[in-house]
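# Below: sequence and its predicted model.
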Amino acid sequence: VFTDPILMCGPVVAEYLSVPSIYFLRGFPCGMDFDATQCPNPPSYIPRLFLYYSDTMTFAERVKNMLVNLLELFYCKPIYAELEELASEVLKKKVTATELLSHGSFWLMRYDFVFEFPRPVMPNMAFIGGINCQQKK
């Protein structure tokens with residue numbers, strides 16, 4: 001199943017049919033892509049999405065970055081609660097959104113490594129950035 005996993009329909013269908021899934025995405029709002037792929041994501045070094053910090057943060061900025069990271073755990077859980085309930089009903093077993101995403105065979109990440117902060121990636125991840133760029137005239 002080739003899907004954008006934000007809506008989570010593709011991962012549920014792939015799990016139900018027991019077929020491999022390939023994810024094509026820009027990123028998850030709550031860092032679920034890091035959790036699902038088990039990538040290291042230290043909040044003391046990697047700035048959160050909407051804080052606009054650089055990778056050289058002061059101590060106060062690192063603390064704020066850590067607090068925002070902790071808040072993501074609380075405000076993202078209700079977003080996927082209904083989906084987890086529906087997926088559990090369809091699959092006849094208790095599953096979480098992160099667990100569904102962790103079954104992805106390959107991740108095509110639409111990040112452009114030139115504009116992003118360096119971060120570790122797993123062997124089943126590939127950066128294919130630049131596909132949203134307009135051709136220069």
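Noted; the coordinates are in hand.
# okay, and for this structure, where does confidence drop off?
Residue ranges of the chain with pLDDT under 70: 113, 130-136.
# can you pull the contacts of the residue positioned nearest the centre of the chain?
The residue lying closest to the centre of the chain (CA atoms, centre = their mean) is D33, at 2.3 Å. Contacts for D33 (CB atoms under 8 Å, 6 or more residues apart in numbering) come out as L25, G27, C39, L101, W107, M109. Where C-beta positions appear, they are placed from N, C-alpha and C, glycine not excepted.
# Test my guess that the last one contacts R119.
In other words, M109. No - using CB atoms under 8 Å as the test, M109 is too far from R119 to be in contact (10.2 Å).
# okay, these two: which has more neighbours?
M109 (20 against 15; other CB atoms under 10 Å).
# Ignoring the adjacent residues along the chain, who's closest to that one?
Distances taken as CB to CB, 6 or more residues apart in numbering place F127 nearest to M109, at 5.2 Å, with adjacent residues excluded.
# Check P47 too.
Leaving aside its sequence neighbours, P47 sits nearest to Y53 (CB to CB, 6+ apart; 4.0 Å).
# Touching, that neighbour and N65? I think so.
Yes - when contacts are counted by CB under 8 Å, Y53 is listed as touching N65 (6.4 Å).
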